[in-house]
Every structure is written in structure tokens, then in C-alpha cells.
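Peer 1: pasting the structure only:
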């Protein structure tokens, strides 16, 4: 039953991720991103990482998506600002590069699966790696600089959206 649930969640995640990129409406893309993040949180639950699942919902599907929607609404993009699609060659080139990327991903997955040895995870090891203390310790010791750089990057993105919105007024 868990395997079926995993594949259903994986399919929902992949389909909604494709729809994020395929949508022309930015708000619809943001909503599909919420679906993707929630399905990823469910996958975390299946792996026994309940803390990561809750953080995925609260931080990403909650706070970050509110920030994204705020920026989208602040920019107030209209359909007439996009104009007609004059660059057909870009679409063909993007499709070709996307096909090459997909072939590479499939090759890497096949190579990884052929060399992978699955060993069962004990409940003790799962609790040790997914606990709040372990995650907090690694976040503020090993990953302190990426954590700080991410916060600065988000701040710069907010400031950039405000600057772009100010030019239109």
C-alpha cells in the first residue's frame, strides 16, 4: 500500500511541477507550486521524516508561497505586457534542450539505480536523523552559511520586486 501511495504522490508531484512551468498565468503557477510542495511533504511523511514534512508545509507552502503571491500581485503583470510571441526559435531550442536534459536525467537515474544497494532503515536511525535536535544542530553548524545566504537572497528578491513595482507608478 505504501508503494502505491508513493507512486501516486510522485506522479502528482511531477505533473504539478510540469504545470508550474507550462502555465502562462503566474498565480496559477504559484498554486501548482503549492501542490508540488504539499506532495513533497507527504513523501517526507512516507519516509518517516515528520519534522521535515511539517516544516515543508509551514515554511514553503505557507510563508514562502505567500511571499511569492505578494510579489506577483505587487508586480501586477498584465497580459498585454507580454506581447506577441515573436521568438519561435527559442521555443524550439527550449524543447530540444529539455529533451536532452530529460535523457540525461533518465541516464543518471538508471546508473544510480544499478549501483544502489538498498538496506533497511532501522526506526532508531530514522528518529536520530529526523529529530529536531539533529536538524537544528546541522542547520546552524554545517549549513550556517547557506542558511544565511538564502535569507539574504530572499531579502534581495523582495527589494527587487519593490523596485520593479515602483518604476510602474
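Peer 2: Arrived safely, thanks for sending. What you see is a predicted model; the values in this text were computed from it and never measured.

Peer 1: how close does the residue nearest to the spatial centre of the chain get to residue 99?
Peer 2: Most central in the chain under C-alpha atoms, centre = their mean is residue 37, positioned 6.2 Å from the mean C-alpha point. Residue 37 is 27 Å from residue 99, where distance means C-beta to C-beta, to the nearest Å. Just so you know, the C-beta spots here come from the backbone N, C-alpha and C atoms, and that holds for glycine as well.

Peer 1: domains of this structure?
Peer 2: 2-78+119-168, 86-118 (automatic domain parsing).

Peer 1: Determine which stretch of those domains is the most buried.
Peer 2: domain 2-78+119-168 (a mean of 13; mean count of other C-beta atoms under 10 Å).

Peer 1: phi, psi of residue 142?
Peer 2: Dihedral pair for residue 142: phi -70, psi -40, per degrees, to the nearest 10.

Peer 1: quick revisit: with mean pLDDT as new columns, can the domains of the chain be given to me in a markdown table?
Peer 2: Below are the domains of the chain laid out as a markdown table (pLDDT from 0 to 100):
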| stretch | mean pLDDT |
| --- | --- |
| domain 2-78+119-168 | 82 |
| domain 86-118 | 78 |
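
Peer 1: Run through who's touching stretch 3-16.
Peer 2: For stretch 3-16, the external contacting residues (C-beta atoms under 8 Å, 6 or more residues apart in numbering) are 32-33, 35-36, 39-40, 42-43, 46.
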